[in-house]
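Asks: next come a sequence and a model predicted from it.
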6 protein chains.
Amino acid sequence: MADLTHLDDYGKAHMVSVSGKAETVRKAVASGRIVMSKEALAAIRDNGVPKGDVFAAARIAGIMAAKKTADLIPLCHPLALESVTVDFIVEEDAIRVCAMAALTGKTGVEMEALTAACVSLLTIYDMVKSIDKAMVIENVRLQSKTGGKSGDWHAAA
Amino acid sequence: MADLTHLDDYGKAHMVSVSGKAETVRKAVASGRIVMSKEALAAIRDNGVPKGDVFAAARIAGIMAAKKTADLIPLCHPLALESVTVDFIVEEDAIRVCAMAALTGKTGVEMEALTAACVSLLTIYDMVKSIDKAMVIENVRLQSKTGGKSGDWHAAA
Amino acid sequence: MADLTHLDDYGKAHMVSVSGKAETVRKAVASGRIVMSKEALAAIRDNGVPKGDVFAAARIAGIMAAKKTADLIPLCHPLALESVTVDFIVEEDAIRVCAMAALTGKTGVEMEALTAACVSLLTIYDMVKSIDKAMVIENVRLQSKTGGKSGDWHAAA
Amino acid sequence: MADLTHLDDYGKAHMVSVSGKAETVRKAVASGRIVMSKEALAAIRDNGVPKGDVFAAARIAGIMAAKKTADLIPLCHPLALESVTVDFIVEEDAIRVCAMAALTGKTGVEMEALTAACVSLLTIYDMVKSIDKAMVIENVRLQSKTGGKSGDWHAAA
Amino acid sequence: MADLTHLDDYGKAHMVSVSGKAETVRKAVASGRIVMSKEALAAIRDNGVPKGDVFAAARIAGIMAAKKTADLIPLCHPLALESVTVDFIVEEDAIRVCAMAALTGKTGVEMEALTAACVSLLTIYDMVKSIDKAMVIENVRLQSKTGGKSGDWHAAA
Amino acid sequence: MADLTHLDDYGKAHMVSVSGKAETVRKAVASGRIVMSKEALAAIRDNGVPKGDVFAAARIAGIMAAKKTADLIPLCHPLALESVTVDFIVEEDAIRVCAMAALTGKTGVEMEALTAACVSLLTIYDMVKSIDKAMVIENVRLQSKTGGKSGDWHAAA
């Protein structure tokens, strides 16, 4: 019944080995935004959101989510993050989030920064959805990664 | 020192009570997309992504993430989800994800559907990032919610 | 070798059955305090703690911990919490926390309220420990529980 | 590009809907065993395992694992378990575990009982592996399930 | 709208960077106690607690909680603990817990020891609460920390 | 009351210290199988399992479970896994799973490989149980471990 085994022969997911890679300081920055109505933005600005302080909750949620990345993304390596920050900028029609993750290790932290950004944005949605259900998360992307053998990378302007 | 306590008096986050709400069948659908290069899209299409089968990993990750929503989003209620599906559509320059969550309960499942969509998209990023680091997650939004006292809601076309 | 099996015969931990119990609205309130130096208290009051806003982090941590209770306390039943609040009072030499949890269910939520209180206090310790390592968590107790067949219970004054 | 979408058209994993099912009392029993050397069995019997009390650790681990089932098995529904027990029998060449899970709900608890049994056996392996690395977990199976529309099921004798 | 951004300018929580710190052996010891009635203490002593062996459950819970510290305390770094112990002393009106955590790393393990102590005490409360709901957790504190650049620290006698 | 303290004096579970051990490349391989009916095996082979692609779900579940090992097994050290693979072989009456885990660290990864194998097998059970409830997990064992002071170990043929 050897022919059955081909079912297992293509596209097999696996956590790629990083055993041979060098430990270097690695850092990644990701950003994204959530577009919302003027009413929703005003409620955040005036601290008038019924569920509470939006930025505090979204920041904590993003930092904690960065630590859960390997538990969420199937093939991510568990990493000992050494630093995480999450910041917000209030734009004319949106809140922009910028997340940074860093460590000294064998693999990059792009997914940790991206996960922090996404979960911060989802938390904003959750806090404000009683005011505006049509909010849209957009433009979530890696801004830069530094450290590691493959060299630094920066998003095109 | 009563004046100190005002530090605690505004914008306090809390998990709002749903004790008085009725149990009804509730369902939410969310969607989003990840824009990528033709090379990345071809690799997914031809099952040529080194990390393995992208759709299988992203679908499982999205379903499992829906179950983790209350662990990720600070003020979400823990919910006994009764159904979750995650589907993908290959578009010309992107993969589109559509996630559905449903239960019989006292509060809606918008965050579960949105979380499933986001984590599926993050998983696609992780699987394909060796080919294209400039992928962008965009247009993550609620498409519809049904059930519950506040009535049904559908995104504007 | 029947005599060996007695190793298993005493004190066996088990999650007690609540299948026969009625679903009622249940609520529990717990409190506790963390005693600290004047310097530490002033730093919190003046928002001068290097790690950030102490109350916001401690409140979110307490609410999220309430949802993790069954994952922390071995024999606790997993519960669908319907409401959680965490509040702080600044006292002369301490921060006092008061946590409330509620649900409609078959078993009480004392452990959820106590866990929220403890993790909020631990988070305050973590945020402020660079200023004062000698802080002491004390007087963590159940204040009241209501609902359920065994009747209401209130701590002695 | 319709032909691309077929990648998504077969074998799609999904959490099947149980919304239409009735809430009934459901119970499942699973068992399994770990075969080991006389030396390992004697160490457990004489409480001489360096890592500590094997049964206490394995029992707690099994009960806690039952509560994590939906976090481990991708398509399992999150369930509000109402009762879990884990028991051990010392056999001539093995430890046998018997795990029971029960709830009032819309879907069965077979996976919860099986997960409790497996993690209890893995914990025994971990506690005793310094004495015997060749231990084998075997005969892990469902013994019975009761409740639910499809009727009761018992393993053949 | 630049004035809005000040909402984000004070007290921002962040996981402080430890990238530049040296890896050293670090150890922390924390203790605490739970005061209870003579009846509750006798039940523990006589192994007469209906839920099972109190010390075994509380010890395992404390050790497992130490490993969850970064998942509970928002700004704690994820750490690769190398050793955890939890011990109990039966006092005249209380159970005292003493928890130790250690690792070779860039940051201290005070929070891990304190979390282990708190969760052990909460587990005792849960096991014994059917006998005594008025138990009080008190005097949870750091006893010592060793290793790291800032030098050793011991609680005043 | 010193005599009471003996309750705590035997068989105390603890996470053994690995602080003094050297960091080396460590690898472990575990295997196991799930025996099933011809009907169940045919459904997997023909991709006719209603819940979806069995191998994709079981592989992802096994890899993710390897990362949760320290959360499941009470005395396991949290480890920064550097590689995990899970493979399947279709046998005449069973599916065989082979799981590999590796890292550079102070302690072995046997439990990670065994946990990946068990959870993959449990996931197969979950996916196929609507067709065959009598499936049996058997022969779960360590095949080999390499690296570390105690030398390599291979299961007897």
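Replies: Alright, I've got the coordinates.
Asks: tell me where chain A has helices.
Replies: With helices called from DSSP state H, chain A shows them at A:38-45, A:54-67, A:69-72, A:110-128.
Asks: what distance separates the longest one from the middle of the whole chain?
Replies: Pointing back at helix A:110-128 there. 6 Å (C-alpha atoms, centre = their mean, to the nearest Å).
Asks: other SSEs contacting that helix?
Replies: strand A:24-35, helix A:38-45, helix A:54-67, helix A:69-72, strand A:83-90, strand A:94-105, strand A:136-146, helix B:110-128 (3 or more C-beta pairs under 8 Å, 6 or more residues apart in numbering or on different chains; DSSP states H and E). From N, CA and C alone the C-beta is placed, and that goes for glycine too.
Asks: just name the most buried of those.
Replies: Greatest average neighbour count among the helices and strands packed on helix A:110-128 goes to helix B:110-128 (a mean of 29), per mean count of other C-beta atoms under 10 Å in any protein chain shown.
Asks: distance between the ends of stretch A:44-58?
Replies: The straight-line separation of the ends of stretch A:44-58 (C-alpha to C-alpha, to the nearest Å) is 12 Å.
Asks: what's it in contact with?
Replies: By C-beta atoms under 8 Å, 6 or more residues apart in numbering or on different chains, the residues outside stretch A:44-58 that reach it are A:42-43, A:86, A:88, A:90, A:95, A:97, A:120-121, A:123-124, A:126-128, A:130-131, B:10-14, B:16, B:74-75, C:53, C:56-57, C:60, E:4, E:7-8, E:13.
Asks: save the helices and strands packed on helix A:110-128 as a markdown table, and put in mean pLDDT too.
Replies: Output for those, formatted as a markdown table (pLDDT from 0 to 100):
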| stretch | mean pLDDT |
| --- | --- |
| strand A:24-35 | 97 |
| helix A:38-45 | 94 |
| helix A:54-67 | 97 |
| helix A:69-72 | 98 |
| strand A:83-90 | 96 |
| strand A:94-105 | 97 |
| strand A:136-146 | 98 |
| helix B:110-128 | 98 |
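Asks: quick one, which of those is nearest to F:Arg141?
Replies: helix A:69-72 (26.8 Å; C-beta to C-beta).
Asks: against which helices or strands is that closest one packed?
Replies: helix A:110-128, helix B:54-67, helix F:54-67.
Asks: what's the angle between the longest one and strand A:136-146?
Replies: Interaxial angle of helix A:110-128 relative to strand A:136-146 (axes from the mean of the first three to the mean of the last three C-alpha atoms, to 10 degrees): 150 degrees.
Asks: what's the per-residue pLDDT of A:Lys51 here?
Replies: Here, the pLDDT recorded for A:Lys51 equals 84.
Asks: give me the distance between it and C:Ile60.
Replies: Between A:Lys51 and C:Ile60 the computed distance is 11 Å (C-beta to C-beta, to the nearest Å).
Asks: between the two, which contacts overlap?
Replies: The contact lists of A:Lys51 and C:Ile60 share A:57, B:13, where a contact means C-beta under 8 Å, 6+ apart.
Asks: on that earlier part again, so can I have TSV of the helices of chain A showing distance to D:Gly105?
Replies: What follows is those, written out as TSV (distance: least, C-beta to C-beta, whole Å):
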stretch	distance to D:Gly105
helix A:38-45	37
helix A:54-67	29
helix A:69-72	25
helix A:110-128	26
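Asks: looking at those helices, which is nearest to D:Ala70?
Replies: Using C-beta to C-beta, the helices of chain A put helix A:69-72 closest to D:Ala70, at 13.7 Å.
Asks: which bits of chain A sit near chain C?
Replies: A:53, A:56-57, A:60-61, A:64 (C-beta under 8 Å from any C-beta of the partner chain).
Asks: if you set the cut-off to 10 Å instead, what comes out?
Replies: Residues of chain A lying close to chain C (C-beta under 10 Å from any C-beta of the partner chain) are A:52-53, A:55-61, A:63-64, A:123.
Asks: quick check, nearest of those to chain C?
Replies: Minimum distance to chain C across the residues of chain A next to chain C is 3.5 Å, recorded for A:Ala56 (C-beta to the nearest C-beta).
Asks: for A:Ala65, see how far away whichever residue of chain A sits closest to chain D is.
Replies: Per C-beta to the nearest C-beta, A:Asp71 is where chain A lies closest to chain D, at 8.8 Å. From A:Asp71 over to A:Ala65 the distance is 10 Å, taken as C-beta to C-beta.
Asks: give me the common contacts of these two.
Replies: Common neighbours of A:Asp71 and A:Ala65 are listed as A:115, B:68, B:71-72 (criterion: C-beta atoms under 10 Å, 6 or more residues apart in numbering or on different chains).
Asks: determine which two of those residues are furthest apart.
Replies: Maximum distance among the shared contacts of A:Asp71 and A:Ala65 (C-beta to C-beta): 13.2 Å, for A:Thr115 and B:Asp71.
Asks: which residues are in contact with both of those two?
Replies: With C-beta under 10 Å, 6+ apart, A:Thr115 and B:Asp71 have common neighbours A:65, A:68, A:71-72.
Asks: show me which pair in the residues you listed is furthest apart.
Replies: The widest separation within the shared contacts of A:Thr115 and B:Asp71 (C-beta to C-beta) is 9.7 Å, between A:Ala65 and A:Asp71.
Asks: export the helices and strands packed on helix A:110-128 to JSON lines and tack on distance to D:Thr104?
Replies: Formatted as JSON lines, the helices and strands packed on helix A:110-128 follow (distance: least, C-beta to C-beta, whole Å):
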{"stretch": "strand A:24-35", "distance to D:Thr104": "40"}
{"stretch": "helix A:38-45", "distance to D:Thr104": "40"}
{"stretch": "helix A:54-67", "distance to D:Thr104": "33"}
{"stretch": "helix A:69-72", "distance to D:Thr104": "30"}
{"stretch": "strand A:83-90", "distance to D:Thr104": "41"}
{"stretch": "strand A:94-105", "distance to D:Thr104": "42"}
{"stretch": "strand A:136-146", "distance to D:Thr104": "38"}
{"stretch": "helix B:110-128", "distance to D:Thr104": "23"}
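Asks: can you tell me which of those is nearest to B:Gly147?
Replies: helix B:110-128 (11.1 Å).
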